[in-house]
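Engineer: Need the 3D shape of this:
(2 chains)
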Amino acid sequence: DTEVTQTPKHLVMGMTNKKSLKCEQHMGHRAMYWYKQKAKKPPELMFVYSYEKLSINESVPSRFSPECPNSSLLNLHLHALQPEDSALYLCASSQGRINTQYFGPGTRLTVL
Amino acid sequence: QKEVEQNSGPLSVPEGAIASLNCTYSDRGSQSFFWYRQYSGKSPELIMFIYSNGDKEDGRFTAQLNKASQYVSLLIRDSQPSDSATYLCAVALTDSWGKLQFGAGTQVVVTP
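Structural biologist: Below is the predicted model of the structure:
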């Protein structure tokens, strides 16, 4: 089973709202990722967690705050976003650092 | 800046023909290479991964890797309209834990 789940599927929020995106995997993978994807562009890495610790932050603005409560869960907390943050947010997981990354279905975020 | 280059397309392929997608990469030390298929509005789905020089076949898909030339390709045999999608080439970077460098993607259109 190579399933990564994400909730919600769609999210509309105002610039003053606080919301969270959730990601879950039950494959025993030790690495989890957040990506942002704009239309007709490839996924752009935001954060990498390895063994529940933040390994990579690709200079993401502080209005995006990741959290890894345990090895199966990954959250992305959103606060004071801008309209240009509207995008498809993808979660992925992998067994290890160079292993295959499996993507979840994504959350389509619209910031008004 | 490590780069992964793909022709953006669209690559128009008659139904039943072979689609040939190419990808070059600049990180000479890279060891892991991936092809993802992405339908419009959906998340990337793993098609193939390849680690060793040569060919790797899975059903109608064949991945080819030539590390000396820093070149990886994907062949889709007996192309079907359901193969119409964007194909992303991804390379695991050697100097960045867990980071995949994506190409811009090649759009494939299979015409009946």
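Engineer: near chain B, which residues of chain A?
Structural biologist: Taking CB under 8 Å from any CB of the partner chain as the measure of proximity, chain A contacts chain B at A:2, A:31, A:33, A:41-43, A:45, A:48, A:50, A:55-56, A:88, A:90, A:94, A:97-106, A:108. The C-beta positions use only the backbone N, C-alpha and C, and glycine is treated the same way.
Engineer: Count the neighbours of residue 41 for me.
Structural biologist: You didn't say which chain, so I picked chain A. The tally of other residues near A:Lys41 (other CB atoms under 10 Å in any protein chain shown) stands at 13.
Engineer: I was after chain B.
Structural biologist: Here the neighbour count serves as a burial measure; for B:Gly41 (other CB under 10 Å) it reads 9.
Engineer: quick one, what contacts A:Thr107?
Structural biologist: Shown here is A:Thr107, whose contacts under the criterion CB atoms under 8 Å, 6 or more residues apart in numbering or on different chains are A:Gln6, A:Thr7, A:Pro8, A:Lys9, A:His10, A:Leu11, A:Leu21, A:Leu88, A:Tyr89.
Engineer: I misspoke; the intended subject was A:Pro8.
Structural biologist: By CB under 8 Å, 6+ apart, A:Pro8 lies in contact with A:Leu21, A:Thr107.
Engineer: so how far is B:Ala85 from B:Ile47?
Structural biologist: Relative to B:Ala85, B:Ile47 is positioned 10 Å away (CB to CB, to the nearest Å).
Engineer: check which helix or strand covers A:Leu109.
Structural biologist: Remark: A:Leu109 resides in strand A:107-111, with elements defined by DSSP states H and E.
Engineer: Just give me how far that strand sits from the chain centre.
Structural biologist: Its chain's C-alpha centre and that of strand A:107-111 lie 12 Å apart, by CA atoms, centre = their mean, to the nearest Å.
Engineer: Stretch A:26-43 now?
Structural biologist: Here stretch A:26-43 is found 6 Å from its chain centre; the criterion is CA atoms, centre = their mean.
Engineer: again, but for stretch A:19-35
Structural biologist: Its chain's average C-alpha position is 7 Å from that of stretch A:19-35, according to CA atoms, centre = their mean.
Engineer: So for chain A, the centremost residue is which one?
Structural biologist: The residue at the geometric middle of chain A, judged as the C-alpha nearest the mean C-alpha position with CA atoms, centre = their mean, is A:Trp34 (3.1 Å).
Engineer: So in terms of bridging, what pairs with it?
Structural biologist: Using DSSP bridges, the beta-bridge partners of A:Trp34 come out as A:Phe47, A:Cys91.
Engineer: Look through chain A and state the residue closest to chain B.
Structural biologist: A:Pro42 (3.6 Å; CB to the nearest CB).
Engineer: show me the contacts for the residue nearest to the centre of chain A.
Structural biologist: By CB under 8 Å, 6+ apart, the residues touching A:Trp34 are A:Cys23, A:Leu45, A:Met46, A:Phe47, A:Pro66, A:Leu74, A:Leu76, A:Tyr89, A:Leu90, A:Cys91.
Engineer: cool, A:Phe64 as well?
Structural biologist: When contacts are taken as CB under 8 Å, 6+ apart, A:Phe64 is in contact with A:Met46, A:Leu76, A:His77, A:Leu78, A:Asp85.
Engineer: Mind listing the residues bridging to it?
Structural biologist: Under DSSP bridges, the beta-bridge partners of A:Phe64 are A:Leu78.
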